[in-house]
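Visitor: sequence first, then the predicted structure, then my questions.
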Amino acid sequence: MSTPIVVQGRPVSRPGGGGGDNFGAALGGGGGNGAYGDAYAASSPTEITNYSAKGEKQEVRCRDPLFAVLFYAAVAAIVAVALIYGPDALQQTNDDNIDNNNNNNDNTEYEGYVYAALIMAVVSFLVSALGVAILMCIPETLIKVSLIFVTVLAGIWMVLAFAAGSIGLGILGIIFFAISICYACCVWSRIPFATINLVTAMTAVKRNLGVVVYAYIITLVAAVWSVCWSVAFVGVFDKTYTCDENDVCSDPNYGYLFLLFLAFFFVQQVLQALVHVTTAGTVGSWWFEPNESGCCSAAVNGSFVRATTTSFGSICFGSLIVAILRTLEALANAARSNDDGGIGACIAECILSCLRQIVEYFNKWAFIYVGLYGYGYLEAGKNVITLFRNRGWEAIIADDLVSNTLFLVSLLVGAVVGCVGLIIAATSDLFDDAGGDANAVSFVLGLVIGLVIASIALSTFGSGVNAVIVLFAEAPADFQRNHPQLSNRMREIWSEIYPGSV
């Protein structure tokens, strides 16, 4: 008798048993007696028979606790520096600004900004909800539009470069334009694959909207952290960066900069990963136990609690690696800007950027396993790599059309809110005393607010798509049993685009 899989703290039947019989029969095979093999006997016997990397719920204990301790130490250090050195530096900066304003007779008022920003933030939530509704109605159309949009942007860059007389940038624009066209042609037939994954993820998130609430809460924490870190940075900068009477200033202390930027990127990466892991756990609960879904259900709250407790060390582990690479990349950029490193700094920045993107991509999938099963960081990474290697899905991972679509929707939301800003500027006096071009300021402010708020909500859909890809490989029988309509459509499309993958 096979042992049940325990997912999100609940025992469920192994794929292939129970509901797996119907799933195997639907595919044309016999009964679903094996974990995966018999259910797929007709479609890909060799590939599924060799498959053995199925995730198992891990025992409840804190994973990678050392890295959680490092996280708390980084936060404590920045808070301490901000409290010790920040007030004096801010007071001096404020005094300097008062003197400059008195000399320049500058009476700029920023109260209008605040009121306008609050109005546009409320509008952003409403427009974001409308954007999600439109995305649910025409996902395939928006994915196609996003592909065309990227290609058109490359073409505009090419034309503008030649119009400005920049031959080098024009040639580079031709190259990117050609690559964009080739990419669009290659992936056009795979748009249905991206569509059904996106629809499945959005369905799961809509049933558990509490995960979006957590995403906004975490974003507010990130904003508070940015302010606190900025105060600490100003304090350290004021103490270490000096200029003599001839305005000859000292070089920046790269040691202090390294520690400051490391702490900033470390916490930033952890907060982003918390949303990713919480969404993965929530989608997993919806996949196996749809009846427990709800806005503030145990599935949502439980996923968040696990992400911030037992799995927190694993999140910090992966985030620290990215933070180190981001910090080194930022220092290489600073050295290049100050002409301290020459060509070496430029090469180092390029290499570090490539390494960072590779690790970020690896983390995206490793954190899915952390959220679904509670693995430690290294174990999660090994399972994800083995999963996609055995199933032959390396190309499917790279076929990420969804992110472009989510960005396009966020950009459209930002543009709409920017237009609302223009209306506010034209019909009120909120921007009259703000200084600068009121129309430009109002539009940019609305664009940024709308883009940020929409991106936060839509990031849960992106994480949900990653979780759906992993879960469909891990437990297709449960998907068929609990969500037959989506499952049938998923299997049909995946079989057409990736023969032998299911």
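Guide: Cool, got the structure. Numbers count the residues shown, from 1 in each chain.
Visitor: from here on, contacts and neighbour counts on C-alpha atoms
Guide: Will do.
Visitor: nearest residue to residue 201 in space, please, no chain neighbours.
Guide: residue 464 (4.7 Å; Cα to Cα, 6 or more residues apart in numbering).
Visitor: you'd agree residue 169 is up against residue 161?
Guide: Yes. Distance between residue 169 and residue 161: 5.7 Å, which falls inside the contact criterion (Cα atoms under 8 Å).
Visitor: can you give me the strands in this structure?
Guide: Assigned strands in the chain, in chain order: 5-7, 10-12 (criterion: DSSP state E).
Visitor: picking that back up, relative to residue 457, how far out is the residue nearest to residue 201?
Guide: The gap separating residue 464 from residue 457 is 12 Å, by Cα to Cα, to the nearest Å.
Visitor: pLDDT weak spots in the stretch 301-450 of the chain?
Guide: Counting by pLDDT under 70, the ranges of the stretch 301-450 of the chain that qualify are 339-341, 390-399, 433-436.
Visitor: show me where it has helices.
Guide: If you assign secondary structure with DSSP state H, counting those that start in this stretch, the helices in the stretch 301-450 of the chain sit at 312-337, 342-373, 377-391, 394-398, 402-427, 438-474.
Visitor: and residue 482, how many neighbours does it have?
Guide: Burial of residue 482 is recorded as 17 neighbouring residues (other Cα atoms under 10 Å).
Visitor: ok, now residue 255?
Guide: Using other Cα under 10 Å as the criterion, the residues surrounding residue 255 number 9.
Visitor: you'd agree residue 157 is up against residue 173?
Guide: Yes. Using Cα under 8 Å, residue 157 is in contact with residue 173, at 5.9 Å.
Visitor: what's the burial count for the residue nearest to residue 201?
Guide: Residue 464 has 31 neighbours, counted by other Cα under 10 Å.
Visitor: might one say that it is in contact with residue 202?
Guide: Yes. With contact defined as Cα under 8 Å, residue 464 counts as touching residue 202 (7.3 Å).
Visitor: and the helices in the stretch 51-200 of the chain?
Guide: Using DSSP H, counting those that start in this stretch, the helices of the stretch 51-200 of the chain run over 65-104, 111-137, 139-163, 167-187, 191-207.
Visitor: any idea how far residue 414 is from residue 84?
Guide: The separation that residue 414 has from residue 84, given Cα to Cα, amounts to 38 Å.
Visitor: please apply the same query to residue 264.
Guide: Looking at residue 264 against residue 84, where the rule is Cα to Cα, the gap reads 18 Å.
Visitor: tell me which of these two has more neighbours.
Guide: A side-by-side neighbour count of residue 264 and residue 84, using other Cα under 10 Å, places residue 264 first with 23 against 14.
Visitor: could you report the pLDDT at that one?
Guide: At residue 264, the model reports a pLDDT of 92.
Visitor: which one is it nearest to, not counting chain neighbours?
Guide: Per Cα to Cα, 6+ apart, closest to residue 264 is residue 229, 6.8 Å.
Visitor: ok, how many other residues are close to the nearest residue to residue 180 once chain neighbours are set aside?
Guide: For residue 180, ignoring the flanking residues on the chain, the nearest one in space by Cα to Cα, 6+ apart is residue 151 at 5.1 Å. If you count neighbours by other Cα under 10 Å, residue 151 ends up with 20.
Visitor: correct me if wrong: residue 151 contacts residue 185.
Guide: No. In this structure, residue 151 is not within contact of residue 185 by Cα under 8 Å, at 10.8 Å.
Visitor: run through the residues that contact the nearest residue to residue 146 once chain neighbours are set aside.
Guide: When the adjacent residues along the chain are set aside, residue 146 lies closest to residue 405, with 5.3 Å between them (Cα to Cα, 6+ apart). Shown in contact with residue 405 (Cα atoms under 8 Å, 6 or more residues apart in numbering): 142-143, 145-146.
Visitor: of those - the most surrounded one?
Guide: For the contacts of residue 405, neighbours were counted using other Cα under 10 Å, and residue 143 has the most, 26 neighbours in all.
Visitor: got the contact list for residue 173?
Guide: The neighbours of residue 173, taking Cα under 8 Å, 6+ apart as the test, are 154-155, 157-159, 161.
Visitor: ok, residue 270 next?
Guide: Shown in contact with residue 270 (Cα under 8 Å, 6+ apart): 315-316, 319.
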